[in-house]
Structures are given as C-alpha cells and as structure tokens.
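My questions concern the predicted model and sequence given below.
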Amino acid sequence: MPRPHLLTALALAAALGSPLRAEDAGAYLAARVAESQNDFRAASGWYGKAILSDTGNARLLEGGILAELGAGDFDLAIQAAKQFKALQGDPSQLAEFALLADEAQREDYAALLAALDSGRSVGDLVDGLVRAWALVGEGRMTDALAAFDEITKTEGLQAFGYYHKALALASVGDLEGADEILSGRAAGPIFVMRRGVFAHAQILSQLERNADALALIDQSFGPGPDPIVDAMRRRLQAGEPVPFDTVRTARDGIAEVFFSVATALNGDADPVYTLLHLRVAGYLRPDHSDAVLLTADVLEMLGQHQLATETYGSFPPDDPAFVSAEIGRAGALRSQDKSDAAIEALQALARSNPGLGSVQFALADMLRMEERFDEAEIAYTAAIDLKPQISEDDWVLFFYRGICHEQSKDWAAAEADFRRSLDLNPTQPQVLNYLGYGLVDRGEKLDEALGMIEKAVAADPDKGYIIDSLAWALFRLGRYDEALEPMERASLLEPVDPVVTDHLGDVYWMVGRKLEAQFQWRRALSFEPTEKDADRIRRKLDIGLDAVMDEESAADGAVEAAENGN
C-alpha cells in the first residue's frame, strides 16, 4: 500500500473536522496485521486507507503514529499526533513522543516545559531529564543543575542524573565540573558506557590533558583495532585538541536522553518501545552514530531487515562507524536472502580495511554459514594472523576454522584446531561436543571422546544435540542399553531434528525394539535430512540396521585394502 495514504488521510481529516463511519474494515484489519508483524511501512499505508473512511477515529490515528515513528517518518507522525490531540484531547504516550520530538527539534523549550507542567509524560526518567535539558536550552542553568540533582536522588537513576549533568556542564563550557563528575571525584565512580568514555576523553583533551585522555581510552578499550577508537587515539597521540561534540546543544542533550534510556531498555523491554526512543534520538540528532547503529540492530531484531539495511547504509565511507555499519548491513542483506550481495559487501570491506581482524572474522562467518568452507578457512586464518597475541577469547576462531577443515574433509587440520581451541578454553561445551562427536563418528579415540562429551553435557545439560552426542558415543562403544536413556532425552529436547531422530531409531533397533526403530526412521525422513542421510535411512528400512552396518564395514575394508595396495 503506498505510503501517501496517511498524508492524504490526515489532510482530509483536518479539512472535514468531523468523523466518517468506517467502511473499510479490511484496511483496518490489514493495518493491525502489519502492526503485529512490526511492518511499519505497510501499517502506515493501511492505516492511512482506514483513516480515509473514518477521519475522526483516534485509534486509527494512534496506530498511524506508531507506524510512522517505527518507520522513522517524523513529519507524518507529528501531523497525526497533532490531529489526535485535536480530536481526542486525552493524553497518548505515542502522540506525546511525536509532539515532544517536534518541540525539541524546533528548540521550543518553553513549549516543552509547559507540556511537562501540564502533565505530559513519556516515562518518569525521560520526563525528568528532558525537563533539565529544556532548562539548559532556556539558559536557566541553576534550575537545570537542580533538576539533574533531583534525578540523582532517585534510587537506581543516579548514574543517569550524574552523566547528563556532566554533559550539560561540558556543553556550556564548564569542563572542570564535568571532569569532576566523570572522574568520580564529585560523587564517587559512576558507570558510563562506551559513549560516556569518549565524552570524558574529549573533555580531558579540551582541558589540555591528552595524555590522560589517551590513558582512559587505552584502559577502557585495550589495544585491539577499532576504527572509532583508533581515530580518537590518533588525534590524541598527535597532540590535537579533540573537540567536545558528544552534546553541543540542549537539543543534542535531549537526543542523548532518549539514547541513554533506549540503551538501558535494550534487551529488557519490548523492542518496539526501545525503537521509539532510538527514533527520537536519531531524529533530533541524525549524526548520532551510536543511536543509528542501535536502531538498525533493533530493526533486525524486529524482523524489519529492509529498514535495517537502509539504516546501516546511511553511513558514508569516511565515517569511523562505517565498518560496523557495513558488517551489520551484510547481516541484514543475508536475512533478506541476499547472501551474494552480503558477501560482496564484506569482501569489499576487507579489501579496504586489510588490517581489521573483525572484518575478516565477519567475512569468514558469512562464508561458513553459506557453506563456502574453503574460502571461510582462508578468512579465519587471516583473522587469526591479524591478532597481535592470541587470548582465551579467541577459542571461537580456531573452533570455526576447525569446522571448515572438517567440512572440507581435512580431519587432521580440524582436530588440531579443535584441540587448540580447547587449549584456550578447556571447558567450552561446543568444542568438547564437536570434537568428541567427530572422533566418535570416525571410530577414533572413543574413550577420550566419551570423556569430552560427558564434560560438555555437564557444562550444558539442556542441549539436545550434546545429549545426542553422549548417547551416540555410548552406541559406538556398543553400550546400547546405556545409550537408550540419553538418546530418548535428546529426542525430547530436539523433537524434530532428523539426526537425533535417526539415532534414536538406531538405538531402538540395537536393543531389540525394531518396530519402534522403523517408526523413528520414517519420522526422521519427514524432517528433511541430507540426501546422504536419507539414502541410508531408506536402506535401513529396506534391509535393517545390521545389514547396513555389514555393508558399510565391507566397503570400509575394501577401501582400506585398496589404499594398502592389496
């Protein structure tokens, strides 16, 4: 449905001034379905069509506001919010989001304060911080600092109050006061996230303390390559005064309020609610790279991959956040079944940033997920080679490279990588399980393999595929009765997995429950196993597991004899 519907509907509603009866229930239902799927653009079009049939329906207007805020179209959201206010009069949190953003964008701080005084609320923390920043915008700094101080008295909100008070002081030139707070000298240490560290480093640089700023950056982020950190580090090392631009105006401060709250909400609240805060932050400050990146991430979480792709794509190549954005964009492209475009984007990024292991890692992961294992192994090797030193956290690089070797039929290299991964992280259940299962499947070092899998089960006892590995190891050791209980448990945890179901059939066969075995094999075929596994299952159904194992043993013997020249 074309997006102009909402704009047309709002114009008609304003002109008519009286409601029409709804005649297009289908448009309303379509809007609600799109809204339930977080398809904000489709919802906007359908709500607009429904509003044309019922211009005085506040519920439709509210739905349109949500759709436009979710899509990031504030012009339409603000129009709909004003129309809602005129029709309804009663407060609506969605409408207030849009109206607050409009007033802050226009820097109408008197209107902001008046609305708060008359009862507007989009959340207690946001209300308090916005009030304080609006007072900054009005030039009433004494009142603003008192408002920030009031927030610091509320249990659980102290860090927000102190952080924003420091930003406000720095924005009006009181760099020493800001440093007193961020350093912890004023009221004790306060927790700040990545953006707060950058803000403090900028403040120190403006105080001609580049060495202290550099020490803060190194302590907070370490020596690893990071385009954004590296850009600041280079400026500090060159003795350049880094400007304080985390918050330049009261409008920036209000943008920071919505970003701060969104970051606190992320992962705990409804992601749509988090998105609304991020959209306001990005509207008030389009160059807020952290807000834009997190917006794209939340859109991905909501399944809005096209919107996420567009959001990631808004960064120019010279932006320090471009690398992170391109990695995110590649993931969003893959989610739209555009894997070739995703890989091309990462390959281009790797060519333009040959020294960034994070880019090689992202490229390797993408290639591995697309089963291009030989290419993925090369990229994982490049990522490993770029490491100045190998740490415990790097177990995953060797693990994934080992998977690529194993899938490429180079077991010796795979086993070496798996064991290197375990050297770095000896209790990692994924690696213990993968190596143990691989050894079991090859019939090698079965006692050691069983021990590895038992450790994996102890570390992660609720993963069906790990329980399956334990049962399969017992099966390969001929301990069929012992394999039965864990295999049934694995099947309960992974009820539609073709491999687990196939294995359950094999165990049933070996303990004499042959009808149940055949039933499980037929179930496994319905779960779309690989063609190789499907052929083996059909053969078992034709002649039984014993005969299939005899055939495979004879074939292995013939291959071994041929290799030995007999």
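Thanks, I have the structure now. Numbers count the residues shown, from 1 in each chain.

rest of the way, CA atoms for contacts and neighbours
OK.

ok, Asp417 touching Arg401?
Yes. If you go by CA atoms under 8 Å, Asp417 and Arg401 touch, sitting 6.9 Å apart.

Between the two, point out the one with more neighbours.
Arg401 (28 against 24; other CA atoms under 10 Å).

wait, isn't that one in contact with Ala382?
No. When contacts are counted by CA under 8 Å, Arg401 is not listed as touching Ala382 (10.7 Å).

I'd like to know which helix or strand in this structure has the lowest mean pLDDT.
helix 4-16 (a mean of 47; mean pLDDT, DSSP states H and E).

For the residue nearest the centre of the chain, give me its contacts.
Nearest residue to the geometric centre of the chain (CA atoms, centre = their mean): Asp297, 5.1 Å. Asp297 makes contact with Ala308, Gly328, according to CA atoms under 8 Å, 6 or more residues apart in numbering.

Please save the CA atoms from the host helix or strand of Asp290 in PDB.
Applying DSSP states H and E as the criterion places Asp290 in helix 289-301. Provided in PDB are the C-alpha atoms of helix 289-301 (Å, rounded to 0.1, in the frame of the first residue of the first chain):
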ATOM      1  CA  SER A 289      26.100   7.100  15.100                       C
ATOM      2  CA  ASP A 290      25.500   5.000  18.200                       C
ATOM      3  CA  ALA A 291      21.800   5.600  18.100                       C
ATOM      4  CA  VAL A 292      21.600   4.900  14.300                       C
ATOM      5  CA  LEU A 293      23.600   1.600  14.700                       C
ATOM      6  CA  LEU A 294      21.400   0.500  17.600                       C
ATOM      7  CA  THR A 295      18.300   1.500  15.600                       C
ATOM      8  CA  ALA A 296      19.300  -0.800  12.800                       C
ATOM      9  CA  ASP A 297      20.100  -3.600  15.300                       C
ATOM     10  CA  VAL A 298      16.700  -3.300  16.900                       C
ATOM     11  CA  LEU A 299      15.000  -3.300  13.500                       C
ATOM     12  CA  GLU A 300      16.800  -6.500  12.700                       C
ATOM     13  CA  MET A 301      15.500  -8.000  16.000                       C
END
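
Quick check: mean pLDDT of it?
What helix 289-301 shows for mean pLDDT is 96.

likewise stretch 188-205?
The model assigns stretch 188-205 a mean pLDDT of 93.

How far off centre is that stretch?
24 Å (CA atoms, centre = their mean, to the nearest Å).

Not counting that stretch itself, show me its contacts.
Residues contacting stretch 188-205 (CA under 8 Å, 6+ apart): 159, 162-163, 167, 170, 175, 178-179, 181-184, 210, 212-214, 216-217, 220, 236, 241-246, 290.

Equivalent analysis for stretch 405-419, please.
Counting by CA under 8 Å, 6+ apart, Phe373, Asp374, Glu377, Phe398, Phe399, Arg401, Gly402, Ile403, Cys404, Val431, Leu435 sit against stretch 405-419.

buried ones in that stretch?
His405, Glu406, Gln407, Ser408, Trp411, Ala413, Ala414, Glu415, Ala416, Asp417, Phe418, Arg419 (16 or more other CA atoms under 10 Å).

Show the average pLDDT along that stretch.
The model assigns stretch 405-419 a mean pLDDT of 96.

Ok, stretch 344-362 next?
pLDDT averaged over stretch 344-362 gives 95.

likewise stretch 522-532?
95.

What are the contacting residues of that stretch?
Contacts for stretch 522-532 (CA under 8 Å, 6+ apart): Val496, Asp497, Pro498, Val499, Thr501, Asp502, Ala534, Ile537.

So how do I select the buried members of the residues you listed in PyMOL?
Per 16+ other CA under 10 Å, the buried members of these correspond to this PyMOL selection:
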select buried, resi 497+498+499+501+502+534+537
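
In a markdown table, list the contacts of stretch 522-532 along with secondary structure.
Below are the contacts of stretch 522-532 laid out as a markdown table (DSSP: H, G, I helix; E, B strand; the rest coil):
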| residue | secondary structure |
| --- | --- |
| Val496 | coil |
| Asp497 | coil |
| Pro498 | helix |
| Val499 | helix |
| Thr501 | helix |
| Asp502 | helix |
| Ala534 | helix |
| Ile537 | helix |
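
Distance to Phe259 and secondary structure added to the contacts of stretch 405-419, as TSV?
Below are the contacts of stretch 405-419 laid out as TSV (distance: CA to CA, whole Å; DSSP: H, G, I helix; E, B strand; the rest coil):
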residue	distance to Phe259	secondary structure
Phe373	39	helix
Asp374	42	helix
Glu377	38	helix
Phe398	36	helix
Phe399	36	helix
Arg401	37	helix
Gly402	40	helix
Ile403	39	helix
Cys404	40	helix
Val431	38	helix
Leu435	43	helix
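
Buried members of the residues you listed into ChimeraX, please.
A single ChimeraX command selects the buried members of those (16+ other CA under 10 Å):
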select :373,374,377,398,399,401,402,403,404,431,435
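
picking that back up, in the helix holding Asp290, what counts as buried?
Buried residues in helix 289-301 (16+ other CA under 10 Å): Ser289, Asp290, Ala291, Val292, Leu293, Leu294, Thr295, Ala296, Asp297, Val298, Leu299, Glu300.

just stretch 543-557 next, same as before
Gly544, Leu545, Val548.

any idea which of the buried residues of helix 289-301 is closest to Pro426?
Pro426 has its nearest neighbour among the buried residues of helix 289-301 in Asp297, at 32.2 Å by CA to CA.

how far away is the closest one from Phe259?
Distance, Asp297 to Phe259, by CA to CA, to the nearest Å: 14 Å.

Also Glu68?
Distance from Glu68 to Phe259, counting by CA to CA: 19 Å.

Output stretch 484-500 in CSV, but only the C-alpha positions, please.
Only the C-alpha atoms of stretch 484-500 are listed here, as CSV (Å, rounded to 0.1, in the frame of the first residue of the first chain):
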residue,chain,number,x,y,z
LEU,A,484,18.9,-45.6,25.4
GLU,A,485,18.0,-43.1,28.2
PRO,A,486,20.2,-40.2,26.9
MET,A,487,19.0,-40.8,23.4
GLU,A,488,15.3,-40.6,24.4
ARG,A,489,16.1,-37.5,26.4
ALA,A,490,17.9,-35.9,23.4
SER,A,491,14.8,-36.7,21.3
LEU,A,492,12.6,-34.9,23.8
LEU,A,493,14.9,-31.8,23.6
GLU,A,494,15.2,-31.9,19.8
PRO,A,495,11.9,-33.5,18.7
VAL,A,496,12.1,-32.6,15.0
ASP,A,497,15.8,-33.0,14.4
PRO,A,498,16.4,-35.6,11.7
VAL,A,499,19.8,-36.7,13.0
VAL,A,500,18.7,-37.2,16.6
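
what comes into contact with that stretch?
So stretch 484-500 is contacted by 462-468, 470-472, 501, 503-504, 507-508, 523-529 (CA under 8 Å, 6+ apart).

which stretch of helix or strand covers Ala281?
helix 271-284.

Mind giving me the packing neighbours of that helix?
Under the contact criterion of 3 or more CA pairs under 8 Å, 6 or more residues apart in numbering; DSSP states H and E, helix 271-284 touches helix 58-71, helix 93-105, helix 250-265, helix 289-301.

Now Gly70. Nearest residue, chain neighbours left out?
Closest residue to Gly70 apart from its sequence neighbours, by CA to CA, 6 or more residues apart in numbering: Phe40 at 5.7 Å.

Who are the contact partners of the one you found?
Applying CA under 8 Å, 6+ apart to Phe40 gives the contacts Ala34, Leu66, Ala67, Glu68, Gly70, Ala71.

Please produce CSV containing these, extended by pLDDT and neighbour count.
Shown next, in CSV, are the contacts of Phe40 (pLDDT from 0 to 100; neighbours: other CA atoms under 10 Å):
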residue, pLDDT, neighbour count
Ala34, 90, 20
Leu66, 94, 26
Ala67, 94, 27
Glu68, 94, 25
Gly70, 95, 28
Ala71, 94, 23
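
Which residue ranges of the stretch 101-250 of the chain form helices?
109-117, 124-137, 141-152, 158-171, 175-182, 194-206, 210-221, 227-237, 250-265 (DSSP state H, counting those that start in this stretch).
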